[in-house]
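Undergrad: this one's sequence-less:
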Ligand SMILES: Nc1ncnc2c1ncn2[C@@H]1O[C@H](COP(=O)(O)OP(=O)(O)O)[C@@H](O)[C@H]1O
Ligand SMILES: O=P(O)(O)O[C@H]1O[C@H](CO)[C@@H](O[C@H]2O[C@H](CO)[C@@H](O)[C@H](O)[C@H]2O)[C@H](O)[C@H]1O
């Protein structure tokens, strides 16, 4: 029988090699130099299940990650064991604390127990376990002190009866140093949901296969969905405003926003020289954000909205994953910001969906024209839907040209960094958008 401390030793020894191979590991750009256990909680002695918080060191970077370890499966990764995953759900249902970890269900929620948990394969920055067709438990991999914004915003939206989210059902809280830290969030699972990225790219594929027809003439036209999605996003913004309030940005806030966009550009261009030709036009666009007429409202927002973060169910669109950009510091992710950032994120995503099928193909004028046409049509439909439902102080995004353009370009700069570190073959997608938007040249 393996003792907990022997298991921890074995896991920690394997981690420098194992971590970079995991999709959720956010530090693939440099080698792991060392791993140090920070906290160990034994959740079950037999079968052995140990919760671990480790500090991963890479050059001058040190970040805490959580792991669930067992001696029952290969590489000790307990998220691959359906019975052990089920134990986590049972602990949440019991409202209990085990060896420093607090498992809680939300008030007035009664959970079914005894279900097995399976990891989903479409996981991105974290690991999610699905239980039957009812629940999904997200285990946050990189930990931050305090309540995770995903949990905070889901709770706030649920409180005001928001119809465009999956209901939050429970949480797991651990510790980072002296602070509490959310390590898991349980939610209602929508088994029949399809994500917006899959739907949008199917529509683009249909259009490209037709060759001679326009976007409004093919069966897979997405504009109706894009418009309803715009309405859903505006409604979520209004619900967030209702739940948590809104403020007006002052000149200092706008100055900080512009400086942050310029600072991000300066830092990304250092590692991605392909961005260099666009720097002057990008800087100019960021500076122009200062000239936005009227007051700029700021509030809690989604923070990393794109087509992969929205699910179409039989009842309409849902937004998921309110964690913000996985690479951004927590202070930035929890700050009050303009909801136009989310609008910009979604507009970028329509452009992505339209152009990703062209990646790696020889230049084809007809297909490029179709891609642009699809992108314009769906961006316009989304914005129209947003304006129709925008009860919040943001109003119609179309009257906010400079700011929206600056946010879109800032997001594209973020995407350049994201693709460079994660999917280098996709780098051309945000780069060609930047070229188009700044008018420095067309794809
Ligand atoms: N409530 C849900 N119902 C159905 N599927 C979901 C639900 N929440 C998340 N998913 C699926 O899990 C994937 C990852 O979820 P997400 O919250 O975006 O995790 P991550 O933070 O790891 O990116 C989503 O792309 C979606 O396919
Ligand atoms: O879903 P995450 O929170 O992990 O977001 C990160 O990964 C996304 C990719 O999966 C990335 O989104 C970019 O690619 C999407 C298509 O795969 C596209 O819909 C988005 O518009 C584009 O930004 C996201 O930026 C990143 O934070």
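TA: Looks like it arrived, so ask away. For clarity, every value in this text was computed on a predicted model and none was experimentally measured. Numbers count the residues shown, from 1 in each chain. Ligands and ions are numbered 1, 2, ... in the order given.
Undergrad: Go ahead and confirm residue 112 touches residue 132.
TA: Yes: using C-beta atoms under 8 Å, residue 112 makes contact with residue 132 at a distance of 7.4 Å. Backbone N, C-alpha and C define where each C-beta goes, glycine included.
Undergrad: Between those two, which has more neighbouring residues?
TA: Just comparing residue 112 and residue 132: by other C-beta atoms under 10 Å the higher neighbour count belongs to residue 132, 15 against 12.
Undergrad: Can you tell me the element the nearest residue to that one once chain neighbours are set aside falls in?
TA: Leaving aside its sequence neighbours, residue 132 sits nearest to residue 115 (C-beta to C-beta, 6 or more residues apart in numbering; 4.8 Å). Assigned by DSSP states H and E, residue 115 belongs to neither a helix nor a strand.
Undergrad: Then residue 367?
TA: Going by DSSP H and E, residue 367 is in helix 365-389.
Undergrad: which of the residues in that helix are buried?
TA: Buried residues in helix 365-389, counted by 16 or more other C-beta atoms under 10 Å: 367-368, 370-372, 374-375, 377-387, 389.
Undergrad: likewise stretch 279-291?
TA: For stretch 279-291, burial by neighbour count (16+ other C-beta under 10 Å) applies to 281-282, 285-286, 289.
Undergrad: Which element is encountered next along the chain beyond the helix or strand of the chain with the lowest mean pLDDT?
TA: Lowest by mean pLDDT, DSSP states H and E among the helices and strands of the chain is helix 330-334, with a mean of 86. Once the chain leaves helix 330-334, the next helix or strand it forms, by DSSP H and E, is helix 340-355.
Undergrad: just checking, what packs against that following helix?
TA: Contacts defined by 3 or more C-beta pairs under 8 Å, 6 or more residues apart in numbering; DSSP states H and E place helix 340-355 against helix 196-210, helix 223-244, helix 365-389, helix 401-422, helix 428-438.
Undergrad: and of those, who's closest to residue 345?
TA: helix 401-422 (5.5 Å; C-beta to C-beta).
Undergrad: hmm, who's touching that closest one?
TA: Contacts to helix 401-422, defined as C-beta atoms under 8 Å, 6 or more residues apart in numbering, come from residues 28-29, 258, 261, 264-265, 268, 271-272, 274-275, 282, 285-286, 288-289, 291-292, 296, 325, 327, 338, 340-341, 343-345, 347-348, 352, 397, 426-427, 429-431, 433-434, 437-438.
Undergrad: at 7 Å what do you get?
TA: Helix 401-422 has contacts (C-beta atoms under 7 Å, 6 or more residues apart in numbering) with 28-29, 261, 264-265, 268, 271-272, 275, 282, 285-286, 288-289, 291-292, 296, 325, 338, 340-341, 343-345, 347-348, 397, 426-427, 429-431, 433-434, 437.
Undergrad: again with stretch 352-372
TA: Identification of contacts with stretch 352-372 by C-beta under 7 Å, 6+ apart yields 197, 200-201, 204-205, 207-208, 211, 307, 374-375, 425-426, 428-429, 432, 443.
Undergrad: got the buried residues of stretch 279-291 as TSV, with pLDDT, distance to ligand 1 and secondary structure columns?
TA: Compiled in TSV, the buried residues of stretch 279-291 are given as follows (pLDDT from 0 to 100; distance: C-beta to the nearest ligand atom, whole Å; DSSP: H, G, I helix; E, B strand; the rest coil):
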residue	pLDDT	distance to ligand 1	secondary structure
281	96	32	helix
282	97	27	helix
285	96	29	helix
286	97	28	helix
289	91	28	helix
